[in-house]
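Trainee: Sequence and predicted structure below; questions after.
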Amino acid sequence: MVIICNGKEQKVPEGCTLHQLLLQLQLDPDTVVVECDKQVVKRNDYEGTVLAEGQNLELIRFVGGG
Amino acid sequence: MRIKVHEEEQEVAPGTVMADIARRFSGCDLFIVDGCQVAGTYELQEGDSCWCLRKGGQVGRAELERLLYLRHTPGVQQVFGRAVVGIMGLGGLGSVVAGALVRVGIGRLVLADYDIVDPTNLNRQQFFVDQIGMKKTEALAANLHRMNPYVELTLHDCRLSAATIPRIFADVDVLVECFDDPVMKAIAFRLALTDMKSMGYVGASGVAGLADNNRITTLCHRPSVCIVGDNESEARPGQGLMAPRVGIAAHHQANQVLRILMQRAGRPV
């Protein structure tokens, strides 16, 4: 199945959760803010959010240092 | 033509230059017109507001408060002076953002950090050797008041969390995220998009190392919710945090705060 991730098409397996996608992208879920179809996803919902065909994800990733 | 000399309206002849005005005051050698330093040969124009000062001269409190902002773009100080800005984390970003905002006369800053000053901070943070061991909140407050004694400071010596951020910064116009920890950066940004929508927000991500200056950008996800940095350069073994590049990002943040304040005052720039 295909979703849109930061404006680009991304293939993910059926039943893939948001948490699994972030790990697949080698991102630490705790450092990423996610908007799914323009809705901000709560951090506690990453594991339970099953991705659906055509969903539009915006991933905003933070790196350390300040 | 009509001009202002030390904020007093006056009629002067066309062709009057700054040096003509300066002759009325003893020993003045610094000339400012509408926020800009000019030479004595500057020909005054209708509507100009000019000042003649003596460089290094001592002045009283009321005069000093006015002179601190004399180099500002005209008209912005009323907006800055009414504003309340929060800063989360007083390290390489936060201590520099605070300095810039104090120098432009933001009315009140709400400053939060749990840490003390240690020697490894001094390669980029606005503290001094004799402040090692002090609480960052108190050390920075002392330094900021030396820059501008008229800015009000509210200090919070505590570790911030998703639960405390909305309470501590409830009344700020713009909140600046200057954390070191990327997990806290994400937590704060998520709050800015959800529970704290009414305030402006300027975060940071990707400020380490010696990468190209111009890769540091200010990207706004909402009209008043922005992130500064190159989004890649993380602090890690082999890539340190140093004053110049962290400072570039910090000043992006500080200028974005001013831009958001002007926008919210109905005077976008």
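Mentor: In hand now; what should we look at?
Trainee: From the centroid of chain B, which residue is nearest?
Mentor: Within chain B, the residue whose C-alpha comes closest to the C-alpha centroid is residue B:101; the distance, by CA atoms, centre = their mean, is 2.0 Å.
Trainee: Helices along chain B, start to end?
Mentor: Counting by DSSP state H, the segments of chain B that form helices are B:18-22, B:61-67, B:77-82, B:94-103, B:136-147, B:165-168, B:182-193, B:243-264.
Trainee: of all these, which lies closest to residue B:225?
Mentor: Among the helices of chain B, helix B:182-193 comes nearest to residue B:225, with 5.3 Å by CB to CB. C-beta coordinates here come from the backbone N, C-alpha and C atoms, glycine included.
Trainee: Put together CSV for the helices of chain B, with distance to chain A and mean pLDDT on each row.
Mentor: Listed next are the helices of chain B as CSV, based on distance: least, CB to the nearest CB, whole Å; pLDDT from 0 to 100:
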stretch, distance to chain A, mean pLDDT
helix B:18-22, 44, 95
helix B:61-67, 32, 86
helix B:77-82, 24, 96
helix B:94-103, 7, 98
helix B:136-147, 13, 98
helix B:165-168, 14, 98
helix B:182-193, 4, 98
helix B:243-264, 7, 98
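Trainee: Just say which of those is most tucked in.
Mentor: The highest mean neighbour count among the helices of chain B, using mean count of other CB atoms under 10 Å in any protein chain shown, belongs to helix B:94-103: a mean of 24.
Trainee: Centre of the chain to it, how far?
Mentor: The gap between the average C-alpha position of helix B:94-103 and the chain average comes to 5 Å, counting by CA atoms, centre = their mean, to the nearest Å.
Trainee: residues from chain B in reach of chain A?
Mentor: B:89, B:91-94, B:178-183, B:185-187, B:189-190, B:193-194, B:203-208, B:221, B:227, B:229, B:231-236, B:241, B:246 (CB under 8 Å from any CB of the partner chain).
Trainee: What subset of the residues you listed is buried?
Mentor: Of the members of the residues of chain B next to chain A, the ones counted as buried by neighbours, 16 or more other CB atoms under 10 Å in any protein chain shown, are B:89, B:91-94, B:178-180, B:182, B:185-187, B:189-190, B:193, B:203-208, B:221, B:227, B:229, B:231, B:233-235, B:241, B:246.
Trainee: Closest approach to chain A from the stretch 1-150 of chain B, which residue is it?
Mentor: Of the stretch 1-150 of chain B, the residue with the smallest distance to chain A, taken as CB to the nearest CB, is residue B:93 at 4.4 Å.
Trainee: Please report phi then psi for that residue.
Mentor: Here is the backbone geometry of residue B:93 (degrees, to the nearest 10): phi -80, psi -60.
Trainee: show me the contacts for the nearest residue to it once chain neighbours are set aside.
Mentor: For residue B:93, the nearest residue in space outside its immediate sequence neighbours is residue B:178; the separation is 3.7 Å by CB to CB, 6 or more residues apart in numbering or on different chains. For residue B:178, the contact set (CB atoms under 8 Å, 6 or more residues apart in numbering or on different chains) comprises A:66, B:87-91, B:93-94, B:97, B:204, B:250, B:253.
Trainee: what's the answer for residue B:253, then?
Mentor: Under the criterion of CB under 8 Å, 6+ apart, the contact partners of residue B:253 comprise B:93, B:97, B:176, B:178, B:202, B:204, B:218, B:228.
Trainee: Quick one: name the residues of chain A near chain B.
Mentor: Counting by CB under 8 Å from any CB, the positions of chain A adjacent to chain B are A:28, A:30-33, A:35, A:40, A:42-43, A:60-66.
Trainee: Widest-spaced pair of those?
Mentor: Every pair in those was compared (CB to CB); the two farthest apart turn out to be A:42 and A:65, at 25.6 Å.
Trainee: So those two - more neighbours on which side?
Mentor: residue A:65 (29 against 12; other CB atoms under 10 Å in any protein chain shown).
Trainee: Walking through chain A, point out its helices one by one.
Mentor: With DSSP H applied, chain A shows helices at A:18-24, listed in chain order.
Trainee: about what we covered before: show me what contacts the residue nearest to the centre of chain B?
Mentor: B:85, B:87, B:109, B:151, B:254, B:257.
Trainee: Just list the residues touching the residue nearest to the spatial centre of chain A, thanks.
Mentor: By CA atoms, centre = their mean, the mean C-alpha position of chain A lies nearest to residue A:18, the distance being 4.7 Å. Contacts here follow CB under 8 Å, 6+ apart; on that basis residue A:18 touches A:34, A:36, A:41, A:45-47, A:49, A:51, A:57.
Trainee: repeat that for 10 Å
Mentor: With CB atoms under 10 Å, 6 or more residues apart in numbering or on different chains as the criterion, the residues that contact residue A:18 are A:3, A:12, A:29, A:32, A:34, A:36, A:41, A:45-51, A:55, A:57, A:59.
Trainee: So it versus residue B:243, what's the distance?
Mentor: From residue A:18 over to residue B:243 the distance is 38 Å, taken as CB to CB, to the nearest Å.
Trainee: thinking again about what came up before, quick one, which of the helices of chain B gets closest to residue B:4.
Mentor: Taking CB to CB, helix B:18-22 is the member of the helices of chain B nearest to residue B:4, at 10.6 Å.
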